[in-house]
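> my questions concern the predicted model and sequence given below.
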Amino acid sequence: MPAFHQFLFSSAEPAAGPTPRVSLGLPVYNGERYLAEALDAILAQTFTDFEVIIVDNASTDATPAIAARYVAADSRVRYHRNETNIGAAPNFNRAFALSRGAYFKWCAHDDRIAPEYLARCLAVLEAEPDVVLCCSRVAILNEVGRVIGAYLVQLPELADPQPHCRFGAFITRSPACFQVFGLFRRDVLAATPLIGSFLGSDKALIAEICLRGRVHEIPEPLFFSRQHARRSVKLARPRLIGWFDTSRRGQRVLPHWQLLRAYAAAVARVSLPPDERRRCQRQLLRWVVVNRHWARLLFDPVAAVAPGVWDALWRLDQRLFRPRGYSPRYFRYDEPDSPSP
């Protein structure tokens, strides 16, 4: 078998050498445009005791060739290719399953991190044992990698010592879920269901993380999220379900009911004092009321029984019932020619 084809279908599982302190899982599908830039940012970290696991979801573009270059150039980079596209959620979870470090971070192929990202996050986690996830403020990139703005939402309650304060603040006031790309304690993350195969499963995961410990946000923007036309959030809801998990393509789902059930399951699963559990359950009732989630729960069955008009109903849902948190006032956009970081 030619060397490149041996690489193409190789597995990242039989890793050799000492266990790294940090693992970075990079799930990717057809990421040729931005993958090298993401890997360059990772390999430029000031903290160096890490491994990178690229988990290729059966890409059909130049992703394998780009990965091959980095595997050959740096022994910290490993590569695993799925024989078929299994969907984003299972691929994210496979990246975690292939990792070995005591700390773990998911990386997106189209985002970047600052050189000091790992060092800053790791310093917090090692100094504060009750912090289970460390992330940073978020800057927004355009397609060519220039900073065009920032995500403005701050939730200091996520560092509160009381689980119900962290949980309630996250589920009711966090419009986005950038925390999923922070640095986790591996053992805490392993105790969760990871990324579920349903819409909003990243929010369900971070909500459970908030129940399990404090979340620290570094006040500087060390994470750069890229906006571009091929982002998954641009997909209509029926296609987005198949993107999450290819085995669920075409299924009718009730996404907001699924999210509510996942939140409730997390409250039931995590070991909490009885009074804290009751307070968390009251936060679930608040979630139903705030930002008109009750309307979204009512709307879900209508969308599920009318798949032919699902896309149109989704647009109506966004226009009428979009949570206040998704308002543009939660983002600041600078001039398009803002300097690159």
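Structure received.
> and the one helix or strand Arg332 maps to, what does it pack against?
Assigning secondary structure by DSSP states H and E places Arg332 in strand 331-333. Based on contacts counted as 3 or more C-beta pairs under 8 Å, 6 or more residues apart in numbering; DSSP states H and E, the elements that strand 331-333 packs against are strand 147-151. Any C-beta I mention is one placed from the backbone N, CA and C, and that applies to glycine too.
> what residues does the helix or strand following the strand it packs on touch?
Towards the C-terminus, the helix or strand next in line after strand 147-151, according to DSSP H and E, is helix 163-173. The contact list for helix 163-173, computed with C-beta atoms under 8 Å, 6 or more residues apart in numbering, reads 153, 155, 157-160, 203, 206-207, 210-211, 214-215, 263, 267, 270, 272, 276, 279-280, 282-284, 286-287, 290-291, 325.
> for the buried ones among those, write the corresponding ChimeraX selection.
Typed into ChimeraX, the line below selects the buried ones among those, using 16 or more other C-beta atoms under 10 Å:
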select :153,155,157,158,159,160,203,206,207,210,211,214,215,263,267,270,272,276,279,280,283,284,287,290,291
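> of the contacts of helix 163-173, which belong to strands?
When these are checked against strands using DSSP state E, the ones located there are 214-215.
> so which of the contacts of helix 163-173 belong to helices?
The members of these that map onto helices under DSSP state H are 203, 206-207, 210-211, 263, 267, 276, 279-280, 282-284, 286-287.
> show me which pair in those is furthest apart.
Lys203 and Glu276 (20.4 Å; C-beta to C-beta).
> that older thread, what's next to the strand holding Arg332, contact-wise?
By C-beta under 8 Å, 6+ apart, the list of residues contacting strand 331-333 reads 140, 148-152.
> any chance of these in TSV, with neighbour count too?
Shown next, in TSV, are the contacts of strand 331-333 (neighbours: other C-beta atoms under 10 Å):
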residue	neighbour count
Ile140	20
Ile148	20
Gly149	20
Ala150	16
Tyr151	18
Leu152	11
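> in TSV, list those residues along with pLDDT and distance to Thr63.
Written out in TSV, the entries for these read as follows (pLDDT from 0 to 100; distance: C-beta to C-beta, whole Å):
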residue	pLDDT	distance to Thr63
Ile140	94	24
Ile148	92	26
Gly149	92	28
Ala150	94	29
Tyr151	93	27
Leu152	92	33
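> tell me which two in these are the farthest apart.
Distance extremes for the contacts of strand 331-333: the farthest pair is Ile148 and Leu152 at 13.6 Å, using C-beta to C-beta.
> which stretches of the stretch 151-300 of the chain have low pLDDT?
Residues of the stretch 151-300 of the chain meeting the criterion pLDDT under 70: 230-244, 249-250.
> would you map the strands across this structure?
In the chain, the segments counted as strands under DSSP E are 22-28, 50-56, 77-81, 103-106, 112-113, 131-141, 147-151, 183-185, 214-226, 331-333.
> measure the closest residue to Tyr103 other than its chain neighbours to Leu98 for me?
Here the nearest residue to Tyr103 in space, its sequence neighbours aside, is Val22; by C-beta to C-beta, 6 or more residues apart in numbering that works out to 4.7 Å. Note on Val22: its distance to Leu98, by C-beta to C-beta, to the nearest Å, is 14 Å.
> keeping just the C-alphas, turn stretch 85-100 into CSV.
Extracted C-alpha coordinates of stretch 85-100, given in CSV (Å, rounded to 0.1, in the frame of the first residue of the first chain):
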residue,chain,number,x,y,z
ASN,A,85,-18.9,10.6,7.9
ILE,A,86,-20.5,9.9,11.2
GLY,A,87,-21.7,13.4,11.9
ALA,A,88,-20.2,16.2,14.0
ALA,A,89,-21.3,15.1,17.5
PRO,A,90,-19.9,11.5,17.3
ASN,A,91,-16.8,12.9,15.7
PHE,A,92,-16.3,15.4,18.6
ASN,A,93,-16.7,12.5,21.0
ARG,A,94,-14.3,10.3,19.1
ALA,A,95,-11.7,13.1,19.4
PHE,A,96,-12.1,12.9,23.2
ALA,A,97,-12.0,9.1,23.2
LEU,A,98,-8.6,9.1,21.4
SER,A,99,-7.0,11.6,23.8
ARG,A,100,-4.8,10.9,26.8
